[in-house]
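Trainee: Sharing a model prediction with you, sequence too.
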Amino acid sequence: MIKRLRVTATEMSLACEYVIGLSLFLNGEINKAEIIFSEVIKRRPISEQGHNVYLGIQRMRHEIFVIYATIYMEKYQHQCDDENELEKVNDMLEKAKECCGMTYEYCLNKAYYYIAKKRDSQKANELINLCKQMKQAPQIWRYSEAFLKAYDNKSISAILNSYNAAFRVPYNIPDLIIFIESVLE
């Protein structure tokens, strides 16, 4: 039957590992999913079907690392004195970048890191500008752009215009307030 389907044992194993990892991910067991996915990546498949699965796994790993970065970011926002959490954010973002390059999530969260950890608004602005260029991405970057204008002491009218544009984009305002307060501290 396998010969009729022209599927090798390696491809069958790869497909099974992908399905198991995906199931774990969807059930919220992202740590176990990442373990399975990272093992598959170490044995990078060579066939065309394997390559497509490989790309899918890299996208899933990207999502996992972004989730971890978000968790560490939220911990930092609620504790504000533990900069170790920011280093974990950066580590997870760099792993996400290895999987899928400079995605919208990478750029937006890395801009946060540059402000919260490095106080480097120039690098943060560069990353927000990359977010602007990503056409299909949500416009949450507008909040970051408005904040950066205030952070860089731009004119009051420029800051107000940016925040007015940002407020048209749905966002969890309490999270925004927590972030602004933590940077002000």
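Mentor: Yes, it's here.
Trainee: which residues touch stretch 111-130?
Mentor: 73, 76, 83, 86-87, 89-90, 93, 102, 107-108, 110, 131, 141, 144-145, 147-148, 151-152, 179, 182-183 (Cβ atoms under 8 Å, 6 or more residues apart in numbering). For every residue, glycine as well, the C-beta is placed using N, CA and C.
Trainee: what distance separates that stretch from the middle of the whole chain?
Mentor: Per Cα atoms, centre = their mean, to the nearest Å, the displacement of stretch 111-130 from the mean C-alpha position of its chain is 15 Å.
Trainee: Go through it and flag the buried ones.
Mentor: 111, 112, 113, 114, 115, 116, 121, 124, 125, 127, 128, 130 (16 or more other Cβ atoms under 10 Å).
Trainee: Can you dump the C-alpha atoms of that stretch in PDB for me?
Mentor: This file holds the C-alpha atoms of stretch 111-130, laid out as PDB (Å, rounded to 0.1, in the frame of the first residue of the first chain):
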ATOM      1  CA  ALA A 111      10.900  47.400  18.600                       C
ATOM      2  CA  TYR A 112       9.300  47.000  22.100                       C
ATOM      3  CA  TYR A 113      12.500  45.300  23.200                       C
ATOM      4  CA  TYR A 114      14.700  48.100  21.900                       C
ATOM      5  CA  ILE A 115      12.700  50.700  23.900                       C
ATOM      6  CA  ALA A 116      12.200  48.700  27.100                       C
ATOM      7  CA  LYS A 117      15.700  47.300  27.300                       C
ATOM      8  CA  LYS A 118      18.000  49.500  25.300                       C
ATOM      9  CA  ARG A 119      16.100  52.800  25.200                       C
ATOM     10  CA  ASP A 120      17.100  52.900  21.500                       C
ATOM     11  CA  SER A 121      14.300  54.700  19.700                       C
ATOM     12  CA  GLN A 122      16.200  54.900  16.400                       C
ATOM     13  CA  LYS A 123      16.300  51.100  16.100                       C
ATOM     14  CA  ALA A 124      12.700  50.900  17.300                       C
ATOM     15  CA  ASN A 125      11.600  53.400  14.600                       C
ATOM     16  CA  GLU A 126      13.400  51.400  11.900                       C
ATOM     17  CA  LEU A 127      11.500  48.300  12.900                       C
ATOM     18  CA  ILE A 128       8.200  50.100  13.100                       C
ATOM     19  CA  ASN A 129       8.900  51.500   9.600                       C
ATOM     20  CA  LEU A 130       9.300  47.900   8.400                       C
END
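Trainee: Understood, closing this out.
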